[in-house]
Structure formats: structure tokens, C-alpha cells
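# Pasted the sequence and its predicted model underneath.
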Amino acid sequence: MPGFKDEIKGILDIVSTINVFDVHNRSMFSSLPDSQMAVLNDGNSRGNGRHPTILGFGKDGGSATEVELLLQKAKELRNEASTAELALRSTKQKANDMKNAKSDQIYDEFRTILDPPEGSEIDDIDVLACARLCKKLANVLSERRFSSKTMEQLVVRLYERFLSAESKIPTAIEDFNLGDVSNSEEYIESELRLLWYIDCIIDAQALVDKDESSNSVKPVRGLAPVLEARVKALKKVEQEKFQRELELTLNKIPGDKLVGNLSEQTLGEENMTIKIGGKDISGPKSNITRLIENVIQTPDWVPSCILPFLAVCPREIEEEIFVKIRSEILGVSSFNVEYWDFTRTAAIYRGNFVDRERAALYGTNSITASDNSEASEGGKQIQVQRSTVVFQEIQDRLEKAGLTGEVQLFLMEDPEWRPGDRDPQPLPTILALSSSVVPEQGAERGIGQKFLSVIALFTTLTTTLAFATSGFALNPTFFDAVVLDISKLSLCLPVVFGVLAINAFHEVAHQIAARSSGLKIALPVPLPSLQVGTFGSITALRSFPKSRAAIFDFAMSGPVTGAIISIFVIIIGMFLTVQASPEELSTFAVVPAVITKTSFLVGIITSTIAPDMMAIPDSQLMPIHPIFLVGFAGVVASALNLMPIGRLDGGRASMAIVGRRTSYLVSLASFTILAIAALTQTSGMSISWGLLLTLFQRNADIPIRDEFSELDDFRVGVYISCIVMAALILAPFPGGPVL
């Protein structure tokens, strides 16, 4: 029955694609001529659909038994096909699970490198720290040498995990499974950060690609662009899916205005804020993303003090300009370039200062080569002595070449030098940046900054009036007069004006010093204080100082001027108090006698002019001329500003004296001492002063154009004298309390 078998074979081909077999009601179709099969909808089918009914028979009616056997065989074949399909799916799933497990294992390994320190969040990570993490991960990628397929599977797996976590927000009640860790809020939050990890992995791979390309003669196609394209493709698919769903949703909302508002809220670009070197930078997410990429791609030789300004002004410089600086400007100068490198926005030239006449005579190329015993330690000193002159000559050549509008130069110690390196001292290094890199951005003069400055001014006026009033509050005559007539508060105005006048002299001295060195500064923002009226002012720098001498003169001019004037005012106040009549004393300010013992310097002055005052019990009240309060507030504020911390005047002077590296340690030590004093003493001044420093002045100041050249002995002596004076002011007189 070959013909019949061929017909059944045709039936089996159709049966293999059909889910339900039914041989009921065969007799209904036995009269159909020349029919081999019929496919009908079974009226007895269950559910919403109707399953097809297959009937098979031959041209001559055939045998029903054979038909049933063939249909049974078809069922068996169908079952075998289903089993094979399930097995194939299971095999593919197992292979996929193995790939995912491998990717998850690699991701867990990378997380140990990329995870922030305990107690901090990814959003709080500074961009500089992020760049260091990416470079650390790049070292691991270079060692492990993962294949491109493995890396691509990794980013795809992480993106799929991100989408899975995103779909669980909010989690539906019917989908919640008790004991399933993927339902936990912590798990979902951690998975939602996977995009950040993906970006870090791609950035680290880009660094690896860059190293491989620099070490290869032929161009190398990097893996990072492949990974980035893969992620973009995945995002595009998801975005198209979201767009379709959004359009369906918007079509259901009546009203053009509502639809427009919803579209704007949903599709509008999000703003974000990051920190670079302690500096907050805000902007559209796309711009910030490009900025982060620039920071991560920045070489290690770009100092962290310059990176924040370079990142927000990423103006590219042509390679020809860097080459011209190397050959035509530095090549004929007394700075011998031993190594140089450049990027799109900066260039570095490492070398030594040389005496070219000496080199021509004696065949040596370094000025540190000397026949005397000071060649090791004196070499550094000789270089420093010549560095100022040589660097000025280099800048003059830069100006003659017409490049000052394109490039600005910085002379500093090698930023990549570490103790234990081959060179005992960091080599001098010249850094070339775009002239558009400036320490001030437009946002710093925005309405928000002006508003805060106005608030600070009015707050300082209030606290200064409160300080002056507290000096007279214990005078019974003043208290009774104010109760009857509030206008009697005008008696406090001389103290208010005196405190503000000393602070004004402080700032005027800063202005004079800044103009003499060509330094641009911002308007001062006063800092209020309930203890002394005002702690002084914050004066930001609007241009890079030319040298360490320039920043030293600027920093020391203010507190030295304020301290000298305040000491004279204290002396005058003491003389006026001693010579005052009883009637005059009744109109003076009244303060506890212990005030003269809170400062060693004030106690010495008081012991010299009015020794009887030092014998008065600490808790006893005594009259004192109001001008003494003006001088007392002035010396305390000047001494606090001389502390070698961050961006205080003392911190700037410390950086000029000992250099940026050492001043950081000095600042940290001083801040620690202040914190200990604030926590162990009952004085509110240490607490309030420490809080203001933490908020506004704790970071190191901006770079100096010439950070390599050291200061002369006279300035070093002035600095030591001022530090001693500040210590005498802040240290208590024997038996007195701490300020």
C-alpha cells in the first residue's frame, strides 16, 4: 500500500505541527471522494480557542485500524519532537546559565575594586577617586587578558540584570515571593547601580586599549568602542520599547497641554552634580558624562589641584603648539627636557635646569653637576635659585612667540614623584595648559553666590552688634538705660565700627598685595562669630598666583596688618582704662576679669600696663575701655586666620613656605589639633571655627604658576615670627581658660 503510506506521510507532516489530535466522528467524512485528510475545528475543544481536528483515510476508505495506528505513531513522533525540543532548550539554558555565572563571577571580582569605601555611596564618589578606581581596574584587565567575547558577555549580562531590577520598581504584590532576595530593596538598589559599573568597565578597557595602542607599531582597534556600541544598541532597543509604550500611554491622555507636560517631564534631560577635587560641578547629564570621560582619560601626570579647572575647560590644543614649545621655547632655554608627553588639553615637560655655558665648557648637561660636596643637597638649592629666572625667561619667549593667548605654563614638582623613587627629590616639571583654564567659572558669580554673600554680610553685622552689646550688658548703668530707651544701644556702635574697621584694614592689605603682584581676587565674604563679632572674610582667588612669593605676600599681608593694629588698640585701651576716672569707668564695658587671661599675649600686655588687673579673681567683673574689646576681637581673628589650614591665610602661607605636598600634612595635623580642642574643651569658639573651616576652607588652594621656586630667608623668618605670634595669642595665660 505505497500510495496509502504516502498519503499518511503527508498527514504526519501536518500532524507534527499540530498540538491536539482527534479521531472522533471519522464516519462523518467517509463519503468525501478522493480525500486524504480534513482539518476542522473541534466543537468539543475547551478554552477560548478551537483546536484543529485531524482525520486521515485513504481513497478507498482505508482501514480505520491502520489510520489509528498511524495517528498513534504521529503522537509518538510529536512527543519525541517535544522532548527533543525541551532537551535542546534545557541545554541552551544551561549553557546560558554557565555564561551568566562566569560573567557574574567576573563582576563580583570587579566589584571588590570598584565598590566605594564602607559607609559611602557611589553617588558620593569624587570623580578623581572614580578615575583612580578605573585605572586600578585597567591594571586587572591588562593582567587577566579577558577575551572580547567574555567582555561583551559581561556588559550584556550586567545590562540585563539592570533591566530586571528596574522592572521590579514598584514590585507587584502578586509577584512577590517570600524569601526571594531579589525582592529586597537593598538588592534592587544595588542592581540599579550596574550602569555605573558598566561605564567604569568600559572606561577601564579604554585605558587598556590606549596602552596597547601606544606599544604597538600598527593601529590597534580597541575593545572599548565595541563594548560601548553593544551597550548603546541594548539601550536603543530598550528606548524604542519605552517610546512605543509611552506613545500608547500619551494617546490615552486627553488634552494637548497634558500630553505636552507629560512628554516634557518624561523625556527632558536630567541635570546632575559631581565633585572633582572637592569642587561641585553641575550641568546636563550628557555634558557631565562627557566631562567624566575626559577626567578618566586624563593621564596621572596632571596634578589633582589642576584637574578640576582643566575638566570644566576642556579646550583642545593643537599638537603643533606643544611641539613648538618643546623645540623653539624650551629647546633653547636653560631647562633641559628629558621626557615629555601631551594629551588633547595639556602637556608635560620633565627635565632639569642646566647651565648651557658650563655644559659647553665641561661637557656636563646639569647645573647640579659640581665638584664641591654640596652636589647632592645643594643641587636642589641651586636649581631653585635659578628656577625663578629661567621660568621667567621661558614665559618671555612664550610671549614673543605669540602663544600666551593659547597656552599658559606652570612650573612645579613632578606630580608623579613618590618617596622611594629613583630620584631623591622630585624633578622640576613644566605643565602647559590652555589659557582658558581659569580658577573661576561663570556660575561662581551667579545669583546664588551673591545671595549667600548678602546673607553672610547681614549675619556678620548682627553678630558684631551682639558681641558689642555683650560687652556692655553687665554694666548696670547701660542696662537700665537700654531698658528705658532702646536708642541707648548706640553706645555699642563704636565697638561695632571698630571691629569692622580692623577687618576692613585686613582686606585692604590683601587688595594692595594682590594688585602689586597682578593677582585677581574676589570680593570678601565675611564670616560671622558670636564670640568676637567676625572671624574675618573668605577671599577667593580669581587668577593663578605667579609665584610662591606672590601668594605668601598676599596671604600674610592681611592677618599681619590686622594683628599689628589690634595689638596697638589693646595697648591704647589698657592705658585709657588705667587713666580713666570713676565716672568714666561707669560708662565703660564690663567684662569678667578672666578675659585678660584667655590669651598669653594679652596677659603679657595687661601685666605690663595694668598689673593690678591680673590679680582680680577670674569670675569678678571689671570695667574696661570699649576699645580694648575691639583690639581683643582683632588679635583673635588674626591669629585664627594664621592657622596653617586649607585656604586660610595661614594655609596659603604654609603652602608657599613648605610646598604643596608638605603643607597638606601640616594642614591635616593642624585641623586634627583643632578638632581635639573642640571636643575636649568647653569653648564654643573652637567648635564654631572648626565648623566654618570644615564647610568652607578645608581644601587646599588653587595651583601657583611657579610652585617649584622656594622663598627667600626673609619671608621664612616673617612666617615663623607670625606663627609664634599666633601661638601666643591663642595659648592661654597661665591659669586662664582656652579661648
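That came through, no problem. The model shown is predicted, which means the values in this text are computed figures rather than measured ones. Numbers count the residues shown, from 1 in each chain.
# So the closest residue to residue 588 other than its chain neighbours: helix, strand or coil?
Leaving aside its sequence neighbours, residue 588 sits nearest to residue 623 (Cβ to Cβ, 6 or more residues apart in numbering; 4.1 Å). Where you see a C-beta, it was placed from the backbone N, CA and C, and this is true even at glycine. Reduced to three states with DSSP: H, G, I helix; E, B strand; the rest coil, the structure at residue 623 is strand.
# Kindly report the same for residue 644.
coil.
# Give the phi and psi angles for it, as a check.
In terms of degrees, to the nearest 10, the main-chain angles of residue 644 are phi -80, psi 70.
# Surely it touches residue 667?
Yes - here residue 644 reaches residue 667: they are 6.0 Å apart, a contact under Cβ atoms under 8 Å.
# any residues in contact with both of those two?
651, 654 (Cβ atoms under 8 Å, 6 or more residues apart in numbering).
# pLDDT averaged over stretch 312-323 - what is it?
Per-residue pLDDT values over stretch 312-323 give a mean of 82.
# can you tell me the distance between the two ends of that stretch?
The first and final residues of stretch 312-323 sit 24 Å from each other (Cα to Cα, to the nearest Å).
# Just the pLDDT for residue 204.
pLDDT, read off for residue 204, is 84.
# how many neighbours does it have?
Residues near residue 204, counting by other Cβ atoms under 10 Å, number 25.
# Then residue 400?
Residue 400, neighbours per other Cβ under 10 Å, totals 10.
# And the strands in the stretch 451-600 of the chain?
Ranges of strands in the stretch 451-600 of the chain, per DSSP state E, counting those that start in this stretch, are 525-529, 533-538, 589-592.
# Show me the one of these that comes nearest residue 696.
Checking the strands of the stretch 451-600 of the chain against residue 696 by Cβ to Cβ gives strand 533-538 as the closest, at 6.0 Å.
# elements contacting the closest one?
Where contact means 3 or more Cβ pairs under 8 Å, 6 or more residues apart in numbering; DSSP states H and E, strand 533-538 is packed against helix 447-472, helix 493-517, strand 525-529, helix 626-641.
# would you turn these into TSV with mean pLDDT?
Listed next are the helices and strands packed on strand 533-538 as TSV, based on pLDDT from 0 to 100:
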stretch	mean pLDDT
helix 447-472	89
helix 493-517	95
strand 525-529	93
helix 626-641	96
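# who wins for proximity to residue 690 among these?
That would be helix 626-641 among the helices and strands packed on strand 533-538, by Cβ to Cβ, at 10.4 Å.
# follow-up on the earlier one: just list the residues touching the residue nearest to residue 588, thanks.
Here residue 623 is in contact with 475, 577, 580, 585-586, 588-590 (Cβ under 8 Å, 6+ apart).
# try 10 Å this time
474-475, 577, 580, 582, 584-591 (Cβ atoms under 10 Å, 6 or more residues apart in numbering).
# Equivalent analysis for residue 546, please.
Contact analysis of residue 546 by Cβ under 10 Å, 6+ apart lists 391-392, 395, 517-519, 704-706.
# lowest-pLDDT helix or strand in this structure?
The helix or strand of the chain with the poorest confidence is helix 256-267; it has a mean of 40 (mean pLDDT, DSSP states H and E).
# picking up where we left off before, with mean neighbour count and distance to residue 613 added, can I get the helices and strands packed on strand 533-538 in a markdown table?
Output for the helices and strands packed on strand 533-538, formatted as a markdown table (neighbours: other Cβ atoms under 10 Å; distance: least, Cβ to Cβ, whole Å):
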| stretch | mean neighbour count | distance to residue 613 |
| --- | --- | --- |
| helix 447-472 | 16 | 16 |
| helix 493-517 | 19 | 19 |
| strand 525-529 | 23 | 25 |
| helix 626-641 | 27 | 11 |
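# could you dump the ones you listed to JSON lines with distance to residue 387?
Output for the helices and strands packed on strand 533-538, formatted as JSON lines (distance: least, Cβ to Cβ, whole Å):
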{"stretch": "helix 447-472", "distance to residue 387": "36"}
{"stretch": "helix 493-517", "distance to residue 387": "18"}
{"stretch": "strand 525-529", "distance to residue 387": "35"}
{"stretch": "helix 626-641", "distance to residue 387": "30"}
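# do you know which of these lies nearest residue 343?
Closest among those, using Cβ to Cβ: helix 493-517, at 30.5 Å.
# Give the ChimeraX command for selecting the buried subset of the contacts of residue 623.
Remark: buried members of the contacts of residue 623, expressed as a ChimeraX selection using 16 or more other Cβ atoms under 10 Å:
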select :475,577,580,587,588,589,590,591
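# Nearest to residue 653 among the contacts of residue 623?
residue 591 (32.1 Å).
# From residue 731, how far off is the closest one?
Distance of residue 591 to residue 731, given as Cβ to Cβ, to the nearest Å: 20 Å.
# do the same with residue 659
For residue 659, the distance to residue 731 - Cβ to Cβ - is 27 Å.
# Residue 432 and residue 152: what is the separation?
39 Å.
# So if I had to pick from those two, which one is more boxed in?
Using other Cβ under 10 Å as the criterion, residue 432 and residue 152 rank with residue 432 on top: 25 against 18.
# residues contacting the more buried one?
Going by Cβ under 10 Å, 6+ apart, the list of residues near residue 432 reads 317, 321-322, 325-326, 329-330, 340, 342, 345-349, 398, 403, 406-410.
# again, but for residue 482
469, 472-473, 475, 488-489, 491-492.
# mind running it again at 8 Å?
With Cβ under 8 Å, 6+ apart, residue 482 has these contacts: 488-489.
# ditto for residue 654
Here residue 654 is in contact with 644, 663, 666-667, 719 (Cβ under 8 Å, 6+ apart).
# That one - that's part of a strand, no?
No - assignment of residue 654 by three-state DSSP gives helix, placing it outside any strand.
# Spatially, what comes nearest to it if we skip its sequence neighbours?
residue 644 (3.7 Å).
# separation between that neighbour and residue 730?
Residue 644 is 13 Å from residue 730, by Cβ to Cβ.
# Is there a neighbour count for the residue nearest to residue 650 when sequence neighbours are not counted? I'd like the number.
Nearest-residue entry for residue 650: residue 642, 4.2 Å, with adjacent residues in sequence omitted and distances by Cβ to Cβ, 6+ apart. For residue 642, the count of nearby residues is 29 (other Cβ under 10 Å).
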